[in-house]
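Peer 1: Fold the stuff below for me.
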Amino acid sequence: MAKKNQTLGEFIIENQASFKYTSGELSRLINSIRLAAKVVNHEVNKAGLVDIIGAAGETNIQGEDQQKLDVYANDKFIQTLTNRNIVCGIASEEEDDFIIVNSQDENHQNKYVVLIDPLDGSSNIDVNVSVGTIFSVYRRVTPVGTPVKLEDFLQKGSEQVAAGYVVYGTSTMLVYTTGDGVNGFTLNPAIGTFYLSHPNIQFPEDGKIYSVNEGNYIHFPIGVKKYIKYCQEEEGDRPYTSRYIGSLVSDFHRNMIKGGIYMYPKSSKNSNGKLRLLYECNPMAFLAEQAKGKASDGFNRIMEVQPTELHQRIPFFCGSKNMVEKAEEFMREYSE
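Peer 2: Below is the predicted model:
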């Protein structure tokens with residue numbers, strides 16, 4: 001039984017038996033993410049004091065400008081996961097291709113691959129708004145002891161064995177699931193330890209917050225436009241409140257605590273949507289479902305989508321179950 005103020009290390013040990021696989025490898029992997037998150041958190045918190053904010057002068061595979069902290073976070077997570085000999089492969093939103101990780105042992109037996117968005121919402125760094133890290137863990141499908149291949153990463157979200165995020169905000173939290181509910185741990189910066197602060201987090205079935213970039217309203221499908229107008233109508237418990245931070249981790253975290261829906265639909269500007277299936281949508285969908293919420297592309301369950309490429313984009317609707325289902329109703333009724 002999870003106990004509030006239990007340390008993350010104690011929680012992992014106590015709940016080892018609830019993991020899908022109990023070799024201890026997955027536990028060490030979560031511990032590695034915890035370590036890298038503390039290092040990145042340290043840099044995020046002093047970003048205004050050192051030459052770490054602003055653009056790095058490079059673009060990532062999606063053609064987006066990389067921020068200096070994007071590059072720093074990417075390097076730190078890859079370095080930590082690689083040096084600890086826990087994973088056999090890593091895919092990052094900031095890298096063109098996946099990374100093959102070979103243990104120093106020629107007969108390395110590492111079984112897991114990690115997909116990661118090292119710094120979600122990095123456009124908010126310069127203005128001191130919450131950002132985050134998103135991670136997703138799969139058990140490899142190719143033979144253990146051989147170099148990983150693309151198919152190890154192109155698995156449906158339903159095959160995830162763990163997923164989570166770190167939110168670097170007024171406090172730093174690590175929230176994750178291994179398929180047995182969602183738990184949140186808050187960092188005590190004085191001693192560098194994560195403590196269980198939010199056991200068994202669950203989405204309220206209904207909510208009063210909708211999160212969408214309404215600046216793109218004119219480009220949205222008609223079903224999304226109709227749903228937004230529904231949210232704004234004065235009827236029953238509506239109108240809902242519009243809250244959009246521009247960092248998926250932050251918007252998702254608030255909506256999971258308070259109840260709400262996050263939407264990033266396709267548009268005339270982004271015909272496939274903008275969020276990445278593997279690095280953002282699948283891990284958040286896994287968390288949402290484990291927290292009694294729902295995640296959809298507007299018509300179908302996100303975690304049933306078969307990925308075809310590492311940096312695939314997809315429309316995303318995620319949050320309180322009844323709100324997502326209402327949005328799906330509008331999408332079906334006004335499908336183009």
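Peer 1: Provide the partner residues of residue 193 in its beta bridges.
Peer 2: In this structure, residue 193 has the following beta-bridge partners (DSSP bridges): residue 188.
Peer 1: Was I right to think residue 262 contacts residue 316?
Peer 2: Yes: the pair residue 262 and residue 316 passes the contact test of CB atoms under 8 Å, sitting 7.3 Å apart. Placement of C-beta: from N, CA and C, glycine included.
Peer 1: ok, which stretches of the stretch 201-336 of the chain are helices?
Peer 2: Remark: helices assigned in the stretch 201-336 of the chain by DSSP state H, counting those that start in this stretch are 222-232, 248-258, 282-290, 321-333.
Peer 1: ranking these by burial, who's on top?
Peer 2: When neighbours are counted by mean count of other CB atoms under 10 Å, the highest per-stretch mean among those falls to helix 282-290, a mean of 27.
Peer 1: what angle sits between it and helix 321-333?
Peer 2: Angle, helix 282-290 to helix 321-333, by axes from the mean of the first three to the mean of the last three CA atoms, to 10 degrees: 120 degrees.
Peer 1: Restricting the selection to alpha carbons, write helix 282-290 to PDB.
Peer 2: Taking only C-alpha atoms (Å, rounded to 0.1, in the frame of the first residue of the first chain), the coordinates of helix 282-290 have been written out as PDB:
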ATOM      1  CA  ASN A 282       1.400   7.500 -26.200                       C
ATOM      2  CA  PRO A 283       3.000   8.100 -22.700                       C
ATOM      3  CA  MET A 284       0.300  10.600 -21.800                       C
ATOM      4  CA  ALA A 285      -2.400   8.300 -23.100                       C
ATOM      5  CA  PHE A 286      -1.000   5.500 -20.900                       C
ATOM      6  CA  LEU A 287      -1.000   7.800 -17.900                       C
ATOM      7  CA  ALA A 288      -4.500   9.100 -18.600                       C
ATOM      8  CA  GLU A 289      -6.000   5.600 -18.900                       C
ATOM      9  CA  GLN A 290      -4.300   4.500 -15.700                       C
END
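Peer 1: List the contacts of it.
Peer 2: Residues lying outside helix 282-290 but in contact with it, judged by CB atoms under 8 Å, 6 or more residues apart in numbering, are 115, 134-136, 157, 160, 163-165, 175-177, 179-182, 203, 248, 252, 256, 294-295, 301-303, 316, 318-319.
Peer 1: What remains of these if I keep only buried residues?
Peer 2: By the neighbour-count criterion of 16 or more other CB atoms under 10 Å, these include these buried positions: 115, 134-136, 157, 160, 163-165, 175-177, 181-182, 203, 248, 252, 256, 294-295, 302-303, 316, 318-319.
Peer 1: isn't residue 26 right next to residue 114, touching?
Peer 2: No: shown here, residue 26 and residue 114 do not form a contact pair, counting by CB under 8 Å, at 10.8 Å.
Peer 1: And the helices of the stretch 201-336 of the chain: which comes nearest residue 170?
Peer 2: With CB to CB, the closest approach to residue 170 among these belongs to helix 248-258: 10.7 Å.
Peer 1: just checking, what packs against the closest one?
Peer 2: Using 3 or more CB pairs under 8 Å, 6 or more residues apart in numbering; DSSP states H and E as the contact definition, the elements that helix 248-258 packs against are strand 131-139, strand 160-168, strand 209-211, strand 260-264, helix 282-290, strand 316-319.
Peer 1: Kindly reformat the ones you listed as CSV containing distance to residue 73 and mean pLDDT.
Peer 2: Converted to CSV, these look like this (distance: least, CB to CB, whole Å; pLDDT from 0 to 100):
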stretch, distance to residue 73, mean pLDDT
strand 131-139, 7, 95
strand 160-168, 10, 95
strand 209-211, 23, 98
strand 260-264, 21, 98
helix 282-290, 16, 98
strand 316-319, 22, 98
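Peer 1: mind putting those in a markdown table, distance to residue 234 included?
Peer 2: Conversion of the helices and strands packed on helix 248-258 to a markdown table gives the following (distance: least, CB to CB, whole Å):
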| stretch | distance to residue 234 |
| --- | --- |
| strand 131-139 | 34 |
| strand 160-168 | 33 |
| strand 209-211 | 15 |
| strand 260-264 | 18 |
| helix 282-290 | 28 |
| strand 316-319 | 22 |
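Peer 1: how about these, which one is nearest residue 94?
Peer 2: Evaluated with CB to CB, those place strand 131-139 nearest to residue 94, the distance being 11.6 Å.
Peer 1: what pairs with the closest one, and is each one parallel or antiparallel?
Peer 2: Each strand that pairs with strand 131-139, with its direction, by DSSP bridges: strand 112-120 (antiparallel), strand 160-168 (antiparallel).
Peer 1: so how far is it from its chain's centroid?
Peer 2: Once both centres are worked out by CA atoms, centre = their mean, to the nearest Å, strand 131-139 turns out to sit 5 Å from its chain's centre.
Peer 1: again with stretch 80-91
Peer 2: In terms of CA atoms, centre = their mean, the gap separating the centre of stretch 80-91 from the centre of its chain is 19 Å.
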